[in-house]
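Novice: Below are the sequence and a predicted model; questions follow.
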Amino acid sequence: MTSSFIWYELLTSDPAAAARFYGEVLGWTAGDSGQPGMDYRIFSMQGVGVGGLMAFPPGAVESGMRPMWLGYVSVADVDASVARFLAAGGALHMPARDLPNVGRIAMIADPQGALLYVMTALGSGPATSFAPRKPGHGGWHELHTKDWAAALAFYRDQFGWNQVHAMDMGHMGTYLQFNFGSGPMVGGMMNDADADRPFWLYVFNVDDIDTAHGRVISNGGEVPLGPLPVPTGEWVLHARDPQGARFALVGGKH
């Protein structure tokens, strides 16, 4: 089984406001998931599920949690994956649990502190969230960390991800590009001295980066970086939604 990002999830302080924001910026609709006993919404693009949306769990704000996007990585056995993470210096943030008709998940962190979920999903068929260059879907996964070489070794051991290319960014250091064990590049890793803690940044595709930039600003978001050109010929910007969750957008200029 190839371990890959299969889902994205926004934990936020105001789900209703977040649903409006991403609807305007990315064209998503947010509908109830039908999960019993919880308000979990599904972000969809033209009827295709892309990610989830939910409020912080009880006690999260008091523990210092801030609005954030998290990714789900597919694994064959969640409990075995958690055990491997812990043995390699990672941490467990939410014990493994079963979601009815969905699968089994756990929230973990790599040894440098970047959070993500591992998941064994029920059912069959390809995941729909990650689809490079398809507007409204995930297009790239970028790890901001303190030691990208150590992070690469860790994720290679845990998930089988491999280095494809290492790009020299001058004073900004190395930008490591990886794949899910084979095939095209799907993400990057870089040292980020300005990050208060390591994190995964999720990049979503848009048709036109300039109009998307305008939508972020006009709907109350911030754009601290970009748009900047990237080697694919596209442009990328880093953003924060009105509640403070970090995300990024990538697309062309028309």
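Specialist: Perfect, thanks for sending it. Model, not experiment: these values are computed from the prediction.
Novice: Surely Trp7 forms part of a helix?
Specialist: No - secondary structure of Trp7 (DSSP: H, G, I helix; E, B strand; the rest coil): strand, not part of a helix.
Novice: list the contacts for the residue nearest to it when sequence neighbours are not counted?
Specialist: Residue nearest to Trp7 in three dimensions, not counting chain neighbours: Tyr72, with 3.9 Å by Cβ to Cβ, 6 or more residues apart in numbering. Yep, even glycine has a C-beta here, placed from its N, CA and C like the rest. Residues counted as contacts of Tyr72 (Cβ atoms under 8 Å, 6 or more residues apart in numbering) are 5-9, 105, 116-119.
Novice: Wait, a strand at Tyr72?
Specialist: Yes - under three-state DSSP, Tyr72 falls within a strand.
Novice: How much space separates it from Ala153?
Specialist: Going from Tyr72 to Ala153 by Cβ to Cβ, to the nearest Å gives 22 Å.
Novice: Could you do Arg97 as well?
Specialist: 29 Å.
Novice: what does Leu176 give?
Specialist: As judged by Cβ to Cβ, Leu176 and Ala153 stand 11 Å apart.
Novice: coming back round to it: what are the bridge partners for the residue nearest to Trp7, then?
Specialist: Trp7, Tyr117 (DSSP bridges).
Novice: ditto for Val203
Specialist: Trp140, Ala248.
Novice: what's it in contact with, if anything?
Specialist: Val203 neighbours (Cβ under 8 Å, 6+ apart): 138-142, 236, 247-250.
Novice: circling back to that earlier point, out of Arg97 and Ala153, which sits in the busier spot?
Specialist: Ala153 (13 against 10; other Cβ atoms under 10 Å).
Novice: pLDDT score for the more buried one?
Specialist: The per-residue pLDDT reported for Ala153 equals 97.
Novice: Assign a three-state SS to it, would you?
Specialist: Under three-state DSSP, Ala153 comes out as helix.
Novice: Is Gly220 in contact with Tyr22, as I believe?
Specialist: No - contact between Gly220 and Tyr22 fails when scored by Cβ atoms under 8 Å: they sit 11.7 Å apart.
Novice: Might you list the low-confidence residue ranges for the stretch 1-150 of the chain?
Specialist: Where the stretch 1-150 of the chain drops to pLDDT under 70, the residues are 1.
Novice: what ranges do the helices span in it?
Specialist: For the stretch 1-150 of the chain, helices defined by DSSP state H, counting those that start in this stretch occupy the ranges 15-26, 78-87, 148-159.
Novice: Go through the ones you listed and name the closest to Ala131.
Specialist: Closest approach to Ala131 among the helices of the stretch 1-150 of the chain is made by helix 15-26 (13.1 Å; Cβ to Cβ).
Novice: Quick check: buried residues in the closest one?
Specialist: 15, 18-19, 21-22, 25-26 (16 or more other Cβ atoms under 10 Å).
Novice: what's the answer for stretch 77-88, then?
Specialist: Buried positions in stretch 77-88, judged by neighbour count with 16+ other Cβ under 10 Å: 78, 81-82, 84-85.
Novice: what's downstream of the strand or helix carrying Tyr175, the next helix or strand?
Specialist: Per DSSP states H and E, Tyr175 falls inside strand 174-179. Sequence-wise, the next helix or strand downstream of strand 174-179 (DSSP H and E) is strand 187-191.
Novice: ok, and what's touching that following strand?
Specialist: Here strand 187-191 makes contact (Cβ under 8 Å, 6+ apart) with 5, 140-148, 151-152, 169, 172-178.
Novice: Just the buried residues of those residues.
Specialist: Among the contacts of strand 187-191, those that count as buried by neighbour count (16+ other Cβ under 10 Å) are 5, 140-145, 148, 151-152, 175-178.
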